[in-house]
Each structure stands twice: as C-alpha cells, then as structure tokens.
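Peer 1: any chance you can model this:
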Amino acid sequence: MVKFFLLFLITFTLSAQTPSPLIQKNCLDCHIQQKIPSELIYRRYLMQYSTHKSIREVLFSYLKNPQKRDSIMPKQFFLKFPSKDMVDLNDTLLLDSIDAYLDYFDIKKKLSFP
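Peer 2: As a prediction, the model looks like this:
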C-alpha cells in the first residue's frame with residue numbers, strides 16, 4: 001500500500017510540473033510523438049546508476065552514439081519503440097538538455113515530508 005501511495009505521489013508531482021522549453025524541444029517532443037515513456041527510462045537509469053553525475057555521463061555517451069547494445073532498455077523495448085537516432089546538438093547544449101531532463105524527473109525534488 002505504501003509503495004502504491006509513493007508511486008501515485010511521484011506520478012502526480014511529475015504531471016503537475018511544466019518542463020522547460022529546452023527539454024520540451026530537445027527531448028520530450030520526440031518522446032511524446034513516438035509514445036516513449038520518459039518516466040520509465042528515467043527510473044531505469046536511476047535504479048542502475050543512482051547519481052545525477054553517473055546518469056549524466058552515461059546518457060551523454062549514449063546520445064552521442066546510440067547503439068542498442070549500449071542502451072539501458074531491454075531488447076524487447078526495441079520491438080515496440082524505435083532506436084534512437086544520433087543527436088545533432090553540440091556538446092554544451094546536449095549536456096544542458098540532459099541536466100534539465102534529469103532535474104525535471106528528479107524524484108528527490110518532488111517529495112516533501114511535513
């Protein structure tokens with residue numbers, strides 16, 4: 001029951017926040033158009049790498065040269081969703097977009113205790 005409540009709370013707070021124009025343009029527009037679940041991807045990265053810094057490094061490396069073998073998603077994911085194309089952003093803009101993406105989905109900023 002507690003897990004369900006926490007999941008509901010996280011989902012509710014994520015849906016209430018408005019994404020920055022940077023991630024809306026560089027990330028979420030494609031995710032929404034292709035129906036790719038951004039929250040699921042973020043949670044997988046968080047479970048695997050756990051820190052903002054390590055997630056940032058892995059995402060940067062993956063987005064510069066996206067290969068299925070380097071993806072955190074299981075092989076079955078690619079049966080339903082397309083493979084990622086190489087990103088055409090310069091390194092600075094890509095890192096800024098990754099930081100904004102991670103900040104947008106950051107669970108620690110969403111939870112508050114009385």
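Peer 1: quick one, helices of the protein?
Peer 2: With DSSP state H applied, the chain shows helices at 2-16, 21-23, 29-33, 38-49, 52-64, 77-80, 91-105, 107-110, listed in chain order.
Peer 1: how about the third one: buried residues?
Peer 2: Buried positions in helix 29-33, judged by neighbour count with 16 or more other C-beta atoms under 10 Å: residue 31. The C-beta positions use only the backbone N, C-alpha and C, and glycine is treated the same way.
Peer 1: and the fifth one, by the same measure?
Peer 2: Of the residues in helix 52-64, those buried under the neighbour-count criterion (16+ other C-beta under 10 Å) are 55, 56, 58, 59, 62, 63.
Peer 1: without its sequence neighbours, what residue ends up closest to the residue nearest the centre of the chain?
Peer 2: What sits nearest the mean C-alpha location of the chain, by C-alpha atoms, centre = their mean, is residue 42, with 3.8 Å. Computed as C-beta to C-beta, 6 or more residues apart in numbering, the closest residue to residue 42 that is not its neighbour in sequence is residue 105, at 4.0 Å.
Peer 1: right, and that neighbour touches residue 44 too?
Peer 2: No - with contact taken as C-beta atoms under 8 Å, residue 105 and residue 44 are classed as non-touching, separated by 11.3 Å.
Peer 1: okay, these two: which has more neighbours?
Peer 2: Per other C-beta atoms under 10 Å, whichever of residue 105 and residue 44 has more neighbours is residue 105, with 22 against 16.
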